[in-house]
Each structure stands twice: as C-alpha cells, then as structure tokens.
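Asks: Next input, structure requested:
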Amino acid sequence: SAGSFLDFAPARGSYEANPIFVPETCSAMVDHMERLLENAERRGCKKGGGDKGSGDALSFAVVVPHWEQCRFYSALCRSRFARGAPIHVAADDHVYVDGAQHTRPMAERERPSSYATSIAVLQ
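Replies: Presented below is the predicted three-dimensional model:
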C-alpha cells in the first residue's frame, strides 16, 4: 500500500479501487473520487479520454460489494461521472483471492466470494 486512498490526489490517469468492504470506508472513497473528478473537470480534463493524445482524463474502475441498501452504492449509481450501470457479478460466479496468497499452497489461494460484487466506472 502507498497509504490512504483519501490522501491520494491524482490529476489524471486510470485507477482501480477495491476498498475493504466496510460501508463507511466505501462511502468516503466514493466522496473522494467525486471531488477528484470535479477538480479534474474544472481543470478542463474531458470525459472519455481528454484531448486526443493529451492523456489528461481521470477515471476509476471501482470494485465494491453489491450492497444496494448502502449509501456508497447509490452514490456510485447516481454519480454524474458514472459510465453506465455497474456490472453485477453474483457471489457464486467469482472467487476472492486473499491478500496473503503468496504464502499459501496453490489449492488454497482462492476462496468463495462472500458477496455479490459490482464493478463501476467513474470518469
């Protein structure tokens, strides 16, 4: 880790975010992304890749639990920076790879996912 995501302030680039599955943390992350994207928009970065060849766009691929009842989930879905509806993946259709996978035998590196997952793109 390079520290807290809430201290991360990129001006451009594409990033993947997969926070710990704690609603308050996910909400803080979405709020922070909204501020970063608003700042990028004010600087003139364009959605969809910026000026041709400029590389000035900012985007996030966000992997979160599919918890529709939580504030962070509705904030992701209704964000003006959302690029389409989140992709939904049922819990039975994917696995979780533990952060200590490098210390485990191959047969023990994957665990069944506890939750359905959603993948959203903010740009």
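Asks: Provide the secondary structure category for the residue nearest to S14 when sequence neighbours are not counted.
Replies: Nearest in space to S14, with sequence neighbours left out and distances taken as CB to CB, 6 or more residues apart in numbering, is S59 at 4.7 Å. Backbone N, C-alpha and C define where each C-beta goes, glycine included. What DSSP: H, G, I helix; E, B strand; the rest coil gives for S59 is strand.
Asks: Tell me who's in contact with S59.
Replies: G13, S14, Y15, V121, L122, Q123 (CB atoms under 8 Å, 6 or more residues apart in numbering).
Asks: ok, now how distant is the last one from C26?
Replies: In this case it means Q123. Per CB to CB, to the nearest Å, Q123 is found 19 Å from C26.
Asks: cool, and the second one?
Replies: As judged by CB to CB, S14 and C26 stand 20 Å apart.
Asks: With the third one instead?
Replies: Between Y15 and C26 the computed distance is 15 Å (CB to CB).
Asks: Same check on the fifth one?
Replies: From L122 over to C26 the distance is 13 Å, taken as CB to CB.
Asks: and what of the fourth one?
Replies: Separation of V121 from C26 (CB to CB): 16 Å.
Asks: just checking, G44 is part of a helix?
Replies: No - counting by three-state DSSP, G44 is not part of a helix but coil.
Asks: residues near the closest residue to F8 other than its chain neighbours, how many?
Replies: What sits nearest to F8 in space, not counting adjacent residues and going by CB to CB, 6+ apart, is A2, at 7.5 Å. Per other CB atoms under 10 Å, the neighbour tally for A2 reads 6.
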